[in-house]
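Trainee: any chance you could fold what I've pasted below:
(chains A and B)
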Amino acid sequence: MADKPSAAELKDYAEQADAWFRENTVRDPGFMLPLTFMEVSTDQQFDFLRDWQRKVYEAGYLGASWPKEYGGGGLHSDYQRAATRAMKKYDAPIMLNAIGNGWAGPLILDLGSEEQKQKYIKPMLSAEDIWCQGFSEPENGSDLGNAQLKAVKDGDEYVLNGSKIWTSLGDRAKYMILLARTDFDAPNKYAGLSFFLNPMDVDGITTSRIKKLTGEYGFVQTFFTDACISADCLFGGEGNGWSMAMKTLEYERGAKVKPVGGYFVKELDVMEIVELAKKSVRNGKPLLDDPVMRDRMTQYMIDIQALNLNNTRRRMPQLMQDRPMGLPLMNKLARTELIRELTEFSLAFQGTKAGYYVGDENAVDDGYWHRSYLNSFSATIGGGTSEIQRNIVAEHALGLPKTR
Amino acid sequence: MDNLGTIGTTEEQIELMDVATNFCRDKSPIDKVRGLIDDDLGYDPAIWKEIGELGWLAIAIPEAHDGVGLSMAEVVPIAEQMGRNLMSTPFGSTTLAAQALLAGGSEAQQAEWLPKIAAGAAATLALREDNGDWDLANIECSATESGGKVALSGKKQLVLWADSAELIIASVKMDGAVRFALIERSQFGEGALRRETVIDETARSYEVTLDGVTVSSEALFDASRTRETLEKIELAAGLIHAAEMTGGAQAVIDYTLEYLKTRKQFGKIIGSYQALKHPTVNNYVEYEKARTHLYSAAHSWGEQGRGEVAVRMAAAQSHASYSTAADRAIQFHGGFGFTHDCDAQLHRRKAILAGALIGDAAYQRSKLAGLLFD
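Mentor: Numbering: from 1, shown residues only, chains lettered A, B, ... in the order given. Next up is the predicted model:
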């Protein structure tokens, strides 16, 4: 366990990080940078973000608190937090290798063999090896536990057949964390699942890009046709796929493995919407003089403030006694739906300009708000739709019976 | 935007929350609440006495006046639990009267009344009039001063618990300016108080006729303190009603959940139907937001600028959340929901009265907009 730094040590490090990000952060490379790792559309965007992650890693500001022997910095997590703060301060671009650093990496560090740690961790930090995630299937979106992609053991190989969808960076990844069915006769649907660290450069694995509602790319569908992978790729043992997949979700909270640092998604700064509203005009007067717009904006301010304060309240057990799981479980639902509503609302400020889109010189803020609204559905649908989230809150926080 | 509140708690607040949770649950079971609907007084005097003995009326009164010396932040969890258990007493009105005294009262007025209130005397505010305006300064009741005496006239409405109050603090206009007059209950003659029929049957409210009441000039708040008194009353009332409404929202959601978990139709527990489940989750989310705003308002209460934003957000969110949750509670109880026996209506009615008393969610938002955007 790395030593907790003294205040002076931490201050030195934070100043260095601050200076580095001040000097090295490129905010406008001349093309639109993705706000999330799910929105990487062009080669230009991909190359830029991959280089950026490598640069940050090599400077020591990513993976600073991951173990040194596998390529991390071996420092106390306070150091990484200071570096991440500096990134945020200079509004630095996102880290690209989200599935690698946020999901696969912590799982491997927690439960992987020495060999796996040596092989996978360093190249994922430097973004040399990009990772993607193969959980959702075309026929099993919300019902992840029902995944049907077939993995049949054949000697020291598994033969894969089926398809995965919504694979971010799937056409650029070297590895995929894959949820596949190894046992079709298991006592329940979860028990038949296994988890693989699946190489993508294998005969029989092909990808097809999905054009999003925004007109951009970012996801692929991946097809597996008699694709053979080494049996060594199995992770966590046959039949433990569901628990491995669930574990990847736990690491987000940083409980078992120290967070790698940085961020994979830029949160929309909602206060920018207030600024947009303030500079917008209707009937020759400020938009916020219009009583309807004024009231709606006020309501959203109440919502925004509640969700921001909820993040603090979640860490205050004295205000969480009645339903401890309530706030944590409702957060995704409340936040993603609010962002969707807010970004849609921002279009209403724009009057005639609401008609323009990304790419037209007449568009407000280069179409940022339109793109944000359309992209907001990725969060209200992905990772469990809002409708599924309501079931989760109902069943796990409020104790209502399952919907069947 | 630097006038947004933060959230935090005090040790005393959490201790009081624990005590109040048990006390209100034990002393205000629903059959007792319903029994009191037909009672003239509207509350159990033995419980009112206990509340006084617990020191709850003294919480936000300074130690110099025999109070506990804490703040409205510590009153919040108590009001929240009272709202949750539909425990109706002069607690809120008395607390508000004490806050008005603290904001506008002279040293002598405070020294006379605050120790009495701290020891358990009920008090109330008489603010509302026939114009129905939430603007506390838009009033017609008047005061005329002559020879050290002040003659009052006009009618005040929605004066909560006036019949029980030893002290009524009324807003009046004198020489065109809003002033506050301290009136002892005994100064009102026969027939000066008319019990009003208010939508919340657990509350007691009176129309108070000021005509014929004369108080000494010493019983007026100083004119220079009017502005801060109005502000304090508005914020303290917003906070205390937000607390009651937040507790009420929690109760009515729990009450609905109980039904959704036990009632069967078409062979299924109705809580398994998403048509009922999903809106219930939405109501729950709004309730949690209200509670977050409530404890932010309690925490930010004393801060210039931030206090008002936080209190109005709490009032707006709790009124909207309580109203919607109770409205849906009636609907989701089906035929039973249409009956007086279903508790959903108690909450729905209570939310309407609370909104009428302090200004509903839309009114709070209109006030907020000015604080946020102008």
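
Trainee: tell me the contacts of residue A:185?
Mentor: The contact partners of residue A:185, taken as Cβ atoms under 8 Å, 6 or more residues apart in numbering or on different chains, are residue A:192. (C-beta placed from N, C-alpha, C; glycine too.)

Trainee: any idea how far it is from residue A:32?
Mentor: 50 Å (Cβ to Cβ, to the nearest Å).

Trainee: repeat that for residue A:369.
Mentor: From residue A:369 to residue A:32 the distance is 13 Å (Cβ to Cβ).

Trainee: and the two? Which one has more around it.
Mentor: residue A:369 (26 against 19; other Cβ atoms under 10 Å in any protein chain shown).

Trainee: so that one: helix, strand or coil?
Mentor: helix (DSSP: H, G, I helix; E, B strand; the rest coil).

Trainee: list the contacts of it.
Mentor: Contacts of residue A:369 (Cβ under 8 Å, 6+ apart): A:276, A:343, A:346-347, A:350.

Trainee: quick check: the two most widely separated of those residues?
Mentor: The distance between the two most remote of these (Cβ to Cβ) is 11.8 Å, for A:343 and A:350.

Trainee: now residue 37, nearest residue through space, not along the chain?
Mentor: I'll assume chain A. residue A:98 (4.0 Å; Cβ to Cβ, 6 or more residues apart in numbering or on different chains).

Trainee: wrong chain, I was asking about chain B
Mentor: Residue B:37's closest residue in space is residue B:201 (Cβ to Cβ, 6+ apart), at 4.7 Å.

Trainee: surely that neighbour forms part of a helix?
Mentor: No: under three-state DSSP, residue B:201 sits outside any helix and is assigned coil.

Trainee: what is the neighbour count of it?
Mentor: 20.

Trainee: okay, now residue 235: neighbour count?
Mentor: Since no chain was named, I'll use chain A. For residue A:235, the neighbour count with other Cβ under 10 Å is 22.

Trainee: meant chain B, my bad for not saying
Mentor: 22.

Trainee: correct me, but it touches residue B:306?
Mentor: No: using Cβ atoms under 8 Å, residue B:235 makes no contact with residue B:306, being 11.3 Å away.

Trainee: report pLDDT for the residue nearest to residue A:37.
Mentor: Looking at residue A:98, its pLDDT is 94.

Trainee: pull the contacting residues for it.
Mentor: For residue A:98, the contact set (Cβ under 8 Å, 6+ apart) comprises A:37, A:168, A:264-265.

Trainee: kindly report the same for residue A:161.
Mentor: So residue A:161 contacts A:149-150, A:152, A:224-227 (Cβ under 8 Å, 6+ apart).

Trainee: let's see it at 7 Å
Mentor: A:150, A:224-226 (Cβ atoms under 7 Å, 6 or more residues apart in numbering or on different chains).

Trainee: got a quick PyMOL command for the buried subset of those residues?
Mentor: Command for PyMOL that selects the buried part of the contacts of residue A:161, burial taken from 16 or more other Cβ atoms under 10 Å in any protein chain shown:
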select buried, chain A and resi 224
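
Trainee: now narrow the contacts of residue A:161 to whatever sits close to chain B.
Mentor: With Cβ under 7 Å from any Cβ of the partner chain as the criterion, no member of these is in contact with chain B.

Trainee: how near is the residue in the stretch 101-250 of chain A positioned nearest to chain B to residue A:389?
Mentor: Residue of the stretch 101-250 of chain A nearest chain B, by Cβ to the nearest Cβ: residue A:142 (12.8 Å). Distance from residue A:142 to residue A:389, counting by Cβ to Cβ: 10 Å.

Trainee: now do residue A:173
Mentor: Residue A:173 is 27 Å from residue A:389, by Cβ to Cβ.

Trainee: more neighbours: which of these two?
Mentor: Between residue A:173 and residue A:389, residue A:173 has the larger neighbour count (other Cβ under 10 Å), namely 26 against 22.

Trainee: next up, the contacts around the nearest residue to residue B:43 once chain neighbours are set aside.
Mentor: Spatial nearest neighbour of residue B:43, excluding adjacent residues (Cβ to Cβ, 6+ apart): residue B:89 at 4.4 Å. Each residue near residue B:89 by Cβ under 7 Å, 6+ apart is listed here: B:43, B:47-48, B:51.

Trainee: do the same with residue B:102
Mentor: The neighbourhood of residue B:102, defined by Cβ under 7 Å, 6+ apart, consists of residue B:110.

Trainee: quick one, helices of chain A?
Mentor: Assignment of helices within chain A using DSSP state H yields the ranges A:7-24, A:43-59, A:77-89, A:98, A:105-111, A:114-125, A:241-250, A:271-279, A:291-313, A:326-348, A:368-381, A:386-392.

Trainee: most tightly packed of those?
Mentor: helix A:98 (a mean of 25; mean count of other Cβ atoms under 10 Å in any protein chain shown).
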